[in-house]
Every structure is written in C-alpha cells, then in structure tokens.
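Peer 1: What follows is a predicted structure for the sequence shown.
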Amino acid sequence: AYLTINALIGELEFPSSEIFYYEQERFRFPVDVSMNVEIMPNRSALTTVRNKKKELNDLDEHAYEAGADTDNSVVEALVDVDELEKDLGRTKESMYKLSYVVRIAAESEEELERRIAEVRDYYENDFNIKLVRPFGDMIGFHEEFIPSGSRYENDYIQYVKADFLAGLGFGAARILGDPDGSYIGYDTETGNNIYIDPSLACQNVVGSVTNALAVAFTGTLGGGKSMSANNIIYQEVLHGARALILDPKSERGKWKEMLPELSDEINIINLTSDEVNKGMLDPYVIMQNKKDADSLAMDILTFLTGVNIKDGKRFPLLRDAVKAVTKRENSGLLYVIDELNAMEDEEAHLLASHIAAFTDYDFAGLLFSDGKVTRKISADKALNILQVQDLMLPDSEKNVEEYTSIEYLSIAVMIAIGTFALDFIYSDRKIYKIVALDEAWSLLQVAQGAALSNKLVRAGRSMQSGVFFITQSSSDLLDEKIKNNIGLKFAFHSTDKTEIRNTLRFFGLDPDDEENQNAIMALETGECLMQDIYGRVGKVHTQILLQHVF
C-alpha cells in the first residue's frame, strides 16, 4: 500500500521532529519513504504564496457576500499564508515542492491494514501530517519508488521550507557507549549492543564532554546496580585493569571459587573481629607513608570522639598526642591513649578514657594496634576484595546524630579502608585502576568520608584510576565537586519522585518532564538509564552473557 501527504495540519517543531529517526524506533516492520523535491527560488515561492493568499481572500469575500461565516480552516490558512509571506520576504530563503510517499508491505491483507493504521496514527497524532491512500494511484506511486522514477501525481504536492526537510532526520542515529570495550548490554530502543571503556574519559577522546574517570551507579535495592558494577569490573580486569572493591556487605566472598578463570588473580581480604585481625586497619599499619597515617589517625579519632577543629581545648590535645605517636619508631593508634594520659591535663585524661572505652568494643579492635602488627593487608593482585564482616552501616536516611555506637564504628572502619584505597590509586600510573565503593553513601554522609571521596576522585584523574560510587540515591553524591567529576552514569529503577528529579538533574535532563520521570519509574530489574562520556543518554538492558559469571 502507498500513502501520501494530503496536508500538514499543524506546526512541526524544529529541531526534535526527526520523523525518519523516530520511525525506525517506533515500527517493528519495514516502512519505505520516497520523496521528490524541487527547489523553488525565493521569488517564485513568494509569487506562489501570494497567489494562494488571493485564492483564500476570494473565498473569504465570497462567504461575506453570501452572508455566511468564513470556514475556520480558511481563516487559519489565511493567517498561516500571511506569516509565510512575511517570513519569505524577510529571510529571502527558498521553498521546496515536495511529494512524499510512504510504502508499507505485509504478508496478509489483515496485517497490512493493521500496519497502515499504525503508520497513519504515527504521522497524524505525533507530527500533524495527514496521510491519504488513493486506491486508483497505487501502480503510479509504485513506479515513483523506482530509482530515477519521476513524480507520478501533482495533486499531493506540498510546499515546504528547508526546516521541514532538515527536520526529517536524514542520517540521524542513536549511538550510546564507546566503539569497543566491555559489553554491558543492549539499547532497549534500537537493540544495538552497548560497549564501554571507562578508561577513555581521561584520554581526550574526540567528542567526549568529560575527562572524569569516576562512575556512579544509583537506584533502589534490587534494581541491579551492584551486579552491573561487578560485571564491568570483572570485564575490565580481564582487559588488564586492576581493581579494589570495598565490600561492607561481604557479598563477593565466593568469587575466588566461582570464577576459576581469575582465581589466581583474586585476593579476598576478609576481616573479622577475631583476635588474629586486631589492628589490621590501624592507620599506621595500612598506610605506607607516615604523614598519610597521621592524617587518617586524626580523621578516625575526631569522628569517633566528636572533637572537631573548632574545639579549642580538646582538638590541640588530640593533635599533640597523634603527632607524638607518629614520631615513634613503632607507631600504633593505642599509643594515643598513653600520650594523652602522660599529659598533665584533666581534659586530656578524659579524652584518653573516652578513646580507651571503645578500643576493644566489637570490631573497633581492627583500628587499634600497639605498633607490632606484622600481618598486613595488600592489594597486589588484579582483583582485590576487602570485606569487613559484621559491619552495621546506618540507613542512608538516618542523621549522623542518630547513629548507634556500632554504626559509628562501622563508618570509622569505612573511612580507614577508603583511605587504604587512596594508597592503591597511587600505584602504577600506567595501569587503569578501579576503586569500587559499595554502599558509598555510608562514606559520603560524614564530613571525613566526603573529604576522602573528593581525594579519591581528584587523585584518580591524575593516576588513571576510576572511582565507582555504588549508592542508593544520586542525592548521596552531595558535594558538587564529586558530581561534576563523574563521567559515566547509570541510574536504575526508583519510585521516589524527589529522587527521580534529583537523578534527572544529575543527568542534565528536565526534572519536571513527566516522560523523563516515567522512564525511570518504568525501568525493570537490570534496566538502567545510562549517560556516556559523550553526554548521550539512553535506556540500557544490562546483560551478563556467561552463566557462571551471572
């Protein structure tokens, strides 16, 4: 069947009315289009428009003389032709004589009629283009489709401007991701495979709009963000990257046995509150540089004691004690208590008692050593997973003031292993490295953790390392410095309207657009909205091809 344009019954937005492009996206059956275009120089176009204007004026006068009201379509046409005349006179642009024929094929008459109805609905409801099906002209329109065939019928000529032809979307394409890299799934609209190479962001690739290596995975529980992050990390390691995953939920403990192809390159560091692990996360044990250990010691102790830099009495005491410990040959956080007790100051003694009270509480022993710990954690394999069992991380909505003692200690442990990750980033600059922060909101919620995350992102850019933030909400990435330094973005299913708006802002999309909001709400498990390093946004169905990896 052949359909042709009978009338343009409304305005087409330009740009954003790419008919050809959306046609490929909309229909699941082939639709052909034949266009025959002739240029009309400005002078000829003006003459044609003025003649049309005279015809419409004649119709208007005829109705007036007959004592009848002018038809609304004539009134609207008069307004349009008047605007067109002024526009052509001002711009001096040409017009085009266009005949536009759509061909639809099917294996049965019933299926053909269904497809015709769908195509008509698309053109009329989406683009205000009225299509007709002149039964007697089917053979003639068929011949027009033959290459070099001439225009068959002059009754359906439309006079259009360049913006109509440009707006059809010649050559428009939907591209997402990188030309090659790790396969992560397919574009749900086009079915095209999506590949990403996260290390490209800092390599000044043509067309990229960011040089940030950080990646964000957001969405509610069970949406697929952790699995997608795991899949990308796994594939990047196979491509030669090194990775360190901070896994506070201990969900990756079986990787060594379940991924035999990587078994020799997987290092699972599982820290428990057992005596054998005492002091393993002490700043003076995990940091290679004493100055870095000094900074981390202050971060942990100020967080746990509530002492901040504005506390003119206690902060100097704590600072002096930590400095004294740093100068020791065998340094350990337990010696801070000794240094405070050695001071002739009641406030220092109270501070020492406060710290001593939690050094042996639950898994706090991981943070405090006497400087004699010989067993050290290392991240010298290709894929390193650091797990701390029994962590009790607070809910992301909970205020810091409401944390329980166990939750405070859990955050302090996260700060320690996060700083260990900073040391990992500073290893070989030639190798692309990944630091994945699962439950990243637990770090970002507190000042020390937010500052650490900023350091990780900034150092990552210069040391060719990507920080993967795996968190439930884009609003967890509170600091604009962090948000502005995230290149790749993945947003999974959410139903919270506020969170959806925040996510859309994060992606640079209109947060109040209902279609955008519904796109996130309608995401199924394993589907996500993705923004690549070129700023392009699309919906991806993530996919893990190998069953044992899944």
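Peer 2: It's in.

Peer 1: In terms of residue numbering, what are the domains of this protein?
Peer 2: 2-167, 176-209+218-272+383-550, 282-376 (automatic domain parsing).

Peer 1: The longest one: end-to-end distance?
Peer 2: So the one you mean is domain 176-209+218-272+383-550. This stretch, domain 176-209+218-272+383-550, spans 23 Å end to end (CA to CA, to the nearest Å).

Peer 1: what's near enough to touch the one residue sitting closest to the centre of the chain?
Peer 2: Residue closest to the mean C-alpha point of the chain, counted by CA atoms, centre = their mean, is residue 489 at 2.3 Å. Counting by CB atoms under 8 Å, 6 or more residues apart in numbering, residue 489 touches 215, 216, 218, 506, 507, 529, 530, 531. Quick note: C-beta positions are derived from backbone N, CA and C, even for glycine.

Peer 1: three-state assignment of it?
Peer 2: Using DSSP: H, G, I helix; E, B strand; the rest coil, the structure places residue 489 in strand.

Peer 1: That one bridge partners, please.
Peer 2: Beta-bridge partners for residue 489, by DSSP bridges, are residue 216, residue 531.

Peer 1: ditto for residue 131
Peer 2: Legend: beta-bridge partners of residue 131 under DSSP bridges are residue 5.

Peer 1: for the stretch 401-550 of the chain, which spans come out with low pLDDT?
Peer 2: For the stretch 401-550 of the chain, the stretches flagged by pLDDT under 70 are 448, 478-481.

Peer 1: all helices for it, in order.
Peer 2: 405-425, 441-444, 447-462, 480-483, 497-506, 514-521 (DSSP state H, counting those that start in this stretch).

Peer 1: Export those as CSV, with columns for distance to residue 141 and mean neighbour count.
Peer 2: Compiled in CSV, those are given as follows (distance: least, CB to CB, whole Å; neighbours: other CB atoms under 10 Å):
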stretch, distance to residue 141, mean neighbour count
helix 405-425, 65, 22
helix 441-444, 61, 24
helix 447-462, 58, 19
helix 480-483, 54, 15
helix 497-506, 44, 18
helix 514-521, 35, 15
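
Peer 1: Would you mind putting those into TSV with distance to residue 115 alongside?
Peer 2: Below are the helices of the stretch 401-550 of the chain laid out as TSV (distance: least, CB to CB, whole Å):
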stretch	distance to residue 115
helix 405-425	56
helix 441-444	49
helix 447-462	51
helix 480-483	46
helix 497-506	35
helix 514-521	25
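
Peer 1: For residue 373, which of these is the nearest?
Peer 2: helix 405-425 (13.4 Å; CB to CB).

Peer 1: elements contacting the closest one?
Peer 2: strand 242-247, helix 283-286, helix 290-305, strand 383-388, strand 433-438, helix 441-444, helix 447-462 (3 or more CB pairs under 8 Å, 6 or more residues apart in numbering; DSSP states H and E).

Peer 1: Contacts for the first one next, please.
Peer 2: When you say that, I think you mean strand 242-247. Counting by CB under 8 Å, 6+ apart, 233, 236-237, 252, 379, 381-387, 414, 417-418, 421, 424, 427, 431-438 sit against strand 242-247.

Peer 1: ok, of those, which come out buried?
Peer 2: In the contacts of strand 242-247, burial by neighbour count holds for 233, 236-237, 252, 379, 381-387, 414, 417-418, 421, 424, 432-438, counting by 16 or more other CB atoms under 10 Å.

Peer 1: residue ranges with poor pLDDT in this protein?
Peer 2: In the predicted model, the chain carries pLDDT under 70 at residues 10-11, 15, 375, 390, 396-397, 448, 478-481.

Peer 1: which residues sit in contact with residue 220?
Peer 2: Each residue near residue 220 by CB under 8 Å, 6+ apart is listed here: 472, 492, 493, 494, 495, 496.

Peer 1: Correction: the previous question concerned residue 486.
Peer 2: With contact taken as CB under 8 Å, 6+ apart, residue 486 is in contact with 212, 214, 215, 216, 457, 469, 477.

Peer 1: just checking, what packs against the longest helix along the chain?
Peer 2: Criterion DSSP state H: the longest helix present in the chain is helix 42-65. Under the contact definition 3+ CB pairs under 8 Å, 6+ apart, helix 42-65 sits against helix 72-91, strand 95-104, strand 158-160.

Peer 1: run the last query once more with 6 Å
Peer 2: Where contact means 3 or more CB pairs under 6 Å, 6 or more residues apart in numbering; DSSP states H and E, helix 42-65 is packed against helix 72-91.

Peer 1: Could you list every helix and strand that the helix it packs on packs against?
Peer 2: Packing contacts for helix 72-91, counted by 3+ CB pairs under 6 Å, 6+ apart, involve helix 42-65.

Peer 1: By neighbour count, which bits of the helix it packs on are buried? Give me those.
Peer 2: Neighbour-count burial for helix 42-65 [16+ other CB under 10 Å]: 45, 46, 48, 49, 52, 53, 56, 59, 60.

Peer 1: Let me know the closest of the residues you listed to residue 190.
Peer 2: Of all these, residue 45 has the smallest distance to residue 190: 37.7 Å, by CB to CB.

Peer 1: Alright, that wraps it up for me.
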